[in-house]
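Engineer: sequence and computational prediction follow.
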Amino acid sequence: MAKSVEKTVALRKGAWSPEEDKKLIAYVKRYGIWNWAEMAKPAGLQRSGKSCRLRWVNYLRPGIKHGNFTKEEEQTIIDLHEKIGNRWSAIASRLPGRTDNEIKNHWHAHLRKRFKYDLNALPESEPLETSSDETNQNSSSGIDFPPANISRPSILESYSATSTDSLPSSSSNPPVEIEEKPNIKGFIGSLDNFKA
DNA sequence: AAGTCATACAACCGCCGGAAT
DNA sequence: TATTCCGGCGGTTGTATGACT
């Protein structure tokens, strides 16, 4: 079998630049997702396929929600985690627009602590507060790409805000049965909507 | 105002399972 | 049937940012 392209070339690591994001978005919009390992090169990215996939799935994909988790979302996470444990992708499939990575991070940053406290029988007055300092940043602006400094506010908040099509890719969106594994390939077809 | 600590989040790594050959 | 490749998953790490002293 043909080996993937990612050898010899020094692959970039670390945070994605806005330029790289643009390249990846443009490529996916144009050609869809066919093979992450092979796509990176023609897309003009010196990234591993895995890196590209991760960036897309967790950040660039339309429909991704960023910002605060609602109380309902948090409760869903807690409930499902109690039932099925650390199966973040399965949990994410029940939370449209949320990725497994984000849920995992949120769990470790907020909910686990709170859950621990609950188990230690803390007074029930413990409020369900979301990450305190962030204001809800999902729904407002409509710019295409943020300025260079994008590490915190999502580059695609606006992007996703305008692309509301549901995307069965990896871990979010469709209300999938817990045991089902959504397949990213399945959503390639829906990119036509995305392109529009 | 500067230094230190804690937190949140993006990204990487290694492993696994399914599909293709 | 065995092997290889790719995508997906969960765990972990690195770093930027904010809070505190």
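Structural biologist: Received the coordinates, thanks.
Engineer: next one: residue A:91 from DNA strand B, what distance?
Structural biologist: Taking Cβ to the nearest atom of the strand, to the nearest Å as the criterion, residue A:91 is separated from DNA strand B by 15 Å. For every residue, glycine as well, the C-beta is placed using N, CA and C.
Engineer: pretty sure that residue is touching residue A:82, no?
Structural biologist: No - when contacts are counted by Cβ atoms under 8 Å, residue A:91 is not listed as touching residue A:82 (10.7 Å).
Engineer: the two - which one has more neighbours?
Structural biologist: Neighbour count, other Cβ atoms under 10 Å: between residue A:91 and residue A:82, residue A:91 has more, with 25 against 9.
Engineer: hmm, the helix or strand that one falls within touching DNA strand C?
Structural biologist: In the assignment (DSSP states H and E), residue A:91 maps to helix A:88-93. Yes - contact check for helix A:88-93 against DNA strand C, using Cβ under 7 Å from any atom of the strand: residues in range are A:88, A:89, A:90.
Engineer: same question for stretch A:55-66.
Structural biologist: Yes - part of stretch A:55-66 sits near DNA strand C under the criterion Cβ under 7 Å from any atom of the strand, namely residue A:57.
Engineer: endpoints of that stretch, how far apart?
Structural biologist: Between the opening and closing residues of stretch A:55-66 there is a gap of 14 Å (Cα to Cα, to the nearest Å).
Engineer: and it, what's its mean pLDDT?
Structural biologist: Summarised as a single mean, pLDDT over stretch A:55-66 is 88.
Engineer: does DNA strand B sit close to that stretch?
Structural biologist: Yes - looking at stretch A:55-66 against DNA strand B by Cβ under 7 Å from any atom of the strand, the contacts come from A:55, A:58, A:59, A:66.
Engineer: secondary structure added to the residues you listed, as a markdown table?
Structural biologist: Output for the residues of stretch A:55-66 next to DNA strand B, formatted as a markdown table (DSSP: H, G, I helix; E, B strand; the rest coil):
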| residue | secondary structure |
| --- | --- |
| A:55 | helix |
| A:58 | helix |
| A:59 | helix |
| A:66 | coil |
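Engineer: any idea which of these is closest to residue A:43?
Structural biologist: Nearest to residue A:43, judged by Cβ to Cβ, of these is residue A:55 at 11.2 Å.
Engineer: sorry, back to before: of the residues of stretch A:55-66 next to DNA strand B, closest to DNA strand C?
Structural biologist: Nearest to DNA strand C, judged by Cβ to the nearest atom of the strand, of the residues of stretch A:55-66 next to DNA strand B is residue A:58 at 9.4 Å.
Engineer: neighbours of the closest one, just the number please.
Structural biologist: One way to gauge burial is a neighbour count; for residue A:58, by other Cβ under 10 Å, it gives 17.
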